[in-house]
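S.K.: What follows is a predicted structure for the sequence shown.
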Amino acid sequence: MGETTPEAEPRKLAEEARDRVRFEEEALDLADQVYRVARRLVSSREEAEDLVQEAYARAFRSWQSFQPGTNLRAWLFRILTNLNIDRGRRLQRAPDMQPLEEGDYFLYNKLEEAGDTPEERVDERLSQDDAVGALAAVPHDFRDVIVLVDIGDFSYADAAQILDIPIGTVMSRLHRGRRILKRELADRTVGSTA
Amino acid sequence: MMAFGPGVDPCEECEKLLQPFLDRELNEAERVEAQRHLDDCSYCAKRYRFEVELRRFVRQAAVEEMTPQLKEKLSALRTPLL
């Protein structure tokens, strides 16, 4: 402050205000995408709304820690997922890692066994409720990765950065999570798979 | 990732490559090998097609838009201009 001339200080404040306004506008432009992902990370609309508001409040408070020119979307999602984990997720035990019997072709094979040509009638065989319910039934750690990659359109590398886990873990969770998702869908569509 | 090769069941290998193939995360050599197998194998090709449709379906089904009220609340969180 000592070196600053009296004229420079207001200019600096004006520049900062302009940068902040631009940051807030860019962040708000992403709100639809942020909400869509948040909605599937948690189980209710109310929780998703709270989470998104909390994430934006934090983002606006700490806007100066964002490096202009880097990925704002990934930065926002990192705040969101960290908050979500802080909201009690740490208390949960990691889901067990027993081998899954179901392979990647599992759901297709089940539908085919039921006498269908599954690749031609996906939207006739499955309902929106089936899909939402099956996704919600996938344990958190796996669901976070599926939601970021499939709904948020993030690459494996971005998802790894957002969740602060190695890329190999993203791949293994995605793989297992999608198998669990298909098993859940099979349970809802072609009855018990036991 | 293991490549297609002697002693490897190509359909089993293709099943392993299903996810990264559809996520566009395979390297070029792996992608070419998987594509070559898919071009020749209707068993895997049908399952890949199904997976593409399934992902599209889940993605669309999972979308729920935020309410205008939430949008207003987020705008209200902005720092007031002096």
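M.R.: Now that the structure is in, tell me what you want to look at.

S.K.: Give me the below-cutoff pLDDT ranges for chain B.
M.R.: B:1-4, B:82 (pLDDT under 70).

S.K.: Likewise for chain A?
M.R.: Those would be A:1-4, A:88-99, A:191-194, if you go by pLDDT under 70 across chain A.

S.K.: mind redoing it with 50?
M.R.: Where chain A drops to pLDDT under 50, the residues are A:91, A:192-194.

S.K.: Centre-most residue in it?
M.R.: Centroid-nearest residue in chain A, with Cα atoms, centre = their mean: residue A:148, separated by 3.5 Å.

S.K.: ok, longest helix in chain B?
M.R.: Longest helix of chain B, by residue count under DSSP state H: helix B:42-62.

S.K.: From the contact counts, what lies against the next helix or strand after it?
M.R.: Per DSSP states H and E, the first helix or strand lying C-terminal to helix B:42-62 is helix B:68-76. Counting contacts by 3 or more Cβ pairs under 8 Å, 6 or more residues apart in numbering or on different chains; DSSP states H and E, helix B:68-76 is packed against helix A:31-41, helix A:45-61. Where C-beta positions appear, they are placed from N, C-alpha and C, glycine not excepted.

S.K.: Could you figure out how far helix B:68-76 is turned away from helix A:31-41?
M.R.: Put simply, helix B:68-76 runs at 120 degrees to helix A:31-41, going by axes from the mean of the first three to the mean of the last three Cα atoms, to 10 degrees.

S.K.: Can you add mean neighbour count and distance to chain B and give the helices and strands packed on helix B:68-76 back as TSV?
M.R.: Output for the helices and strands packed on helix B:68-76, formatted as TSV (neighbours: other Cβ atoms under 10 Å in any protein chain shown; distance: least, Cβ to the nearest Cβ, whole Å):
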stretch	mean neighbour count	distance to chain B
helix A:31-41	22	4
helix A:45-61	18	5
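
S.K.: so which of those gets nearest residue A:105?
M.R.: helix A:31-41 (24.6 Å; Cβ to Cβ).

S.K.: Need the contact partners of that closest one.
M.R.: Contacts with helix A:31-41, where a contact means Cβ atoms under 8 Å, 6 or more residues apart in numbering or on different chains, come from A:45, A:48-49, A:51-52, A:55-56, A:73, A:76-77, A:80-81, A:84, A:135-136, A:143-144, A:147-148, A:151-152, B:62-66, B:70-71, B:74.

S.K.: how does it look with 7 Å?
M.R.: Applying Cβ atoms under 7 Å, 6 or more residues apart in numbering or on different chains, the contact partners of helix A:31-41 are A:45, A:48, A:51-52, A:55, A:73, A:76-77, A:80, A:84, A:135, A:144, A:147-148, A:151-152, B:62-66, B:70-71, B:74.
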